[in-house]
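Undergrad: Would you be able to build a 3D model of this:
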Amino acid sequence: MIYFTSDLHLGHENVIRFEERPFQNVQEMNRSLIANYNALVRNEDTVYILGDLTFKVNLEEANSLISKLNGKKILIKGNHDKTYDESLFEKILIYDELAEYGGQFVLMHYPMLEWKRSYHGSIQLHGHIHSKGMEYNLECKRNGIRRYDVGVDANGFYPVSLTTILDFINMP
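TA: Sure thing, here's the model as predicted:
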């Protein structure tokens, strides 16, 4: 299975307040986000993390938190990502393209107004904007924009599968 997520901000105490996350403290947030992630993702799965995996933690703690996440991880770097231990990832990129299940996907931390093949059915997956709930994704769909926020704030604090995204985009 292929999953996507972004903007976990593991270690970032202030993101709880900034984004009105339902956690008492950073330890609870870290435990919950890692547990939610691992509840879906198995070691044989691939996860594209579209940026801002950790923030406000030293490199040793960041690597320790990342090592607790299941799956084959591909990091698309966001504005808060450090130089992590590269052995924790299959690849570390700033942009990628993916063709799976008959879909064409453009992957970047930031939302784009236009992307490769955007006028020919490709879908842009991104994070960065910390959408609260599905309203942003629903608004994009209503407006015929094939763009999807994979961030944890938009997806109930869980990763989202490629099949779920395709079903959402293609559902009438």
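Undergrad: how near is Asn143 to Asn137?
TA: Distance, Asn143 to Asn137, using C-beta to C-beta, to the nearest Å: 11 Å. (Glycine included, C-beta is placed from N, CA and C.)
Undergrad: Looking at those two, which is more packed in?
TA: More neighbours surround Asn137 than the other of Asn143 and Asn137, with 21 against 8 (other C-beta atoms under 10 Å).
Undergrad: Hmm, Ser131 and that one touching each other?
TA: Yes - with contact defined as C-beta atoms under 8 Å, Asn137 counts as touching Ser131 (7.0 Å).
Undergrad: Where do the helices of the protein begin and end?
TA: Per DSSP state H, the chain carries helices over the ranges 13-18, 26-40, 59-67, 135-142, 162-170.
Undergrad: Could you tell me the angle between the third one and helix 26-40?
TA: Here helix 59-67 runs at an angle of 30 degrees relative to helix 26-40 (axes from the mean of the first three to the mean of the last three C-alpha atoms, to 10 degrees).
Undergrad: chain center to helix 59-67: distance?
TA: 17 Å (C-alpha atoms, centre = their mean, to the nearest Å).
Undergrad: ok, now the second one?
TA: Between the centre of helix 26-40 and the centre of its host chain there is 14 Å, according to C-alpha atoms, centre = their mean.
Undergrad: Check the shortest one too.
TA: Taking C-alpha atoms, centre = their mean, one finds helix 13-18 lying 18 Å from the centre of the chain it belongs to.
Undergrad: Which elements pack onto that helix?
TA: Helix 13-18 sits against helix 26-40, with contacts defined as 3 or more C-beta pairs under 8 Å, 6 or more residues apart in numbering; DSSP states H and E.
Undergrad: What's the mean pLDDT across the helix it packs on?
TA: Across helix 26-40, pLDDT averages out at 98.
Undergrad: For it, buried residues please.
TA: Going by neighbour count (16 or more other C-beta atoms under 10 Å), the buried part of helix 26-40 is Val26, Met29, Asn30, Leu33, Ile34, Asn36, Tyr37, Leu40.
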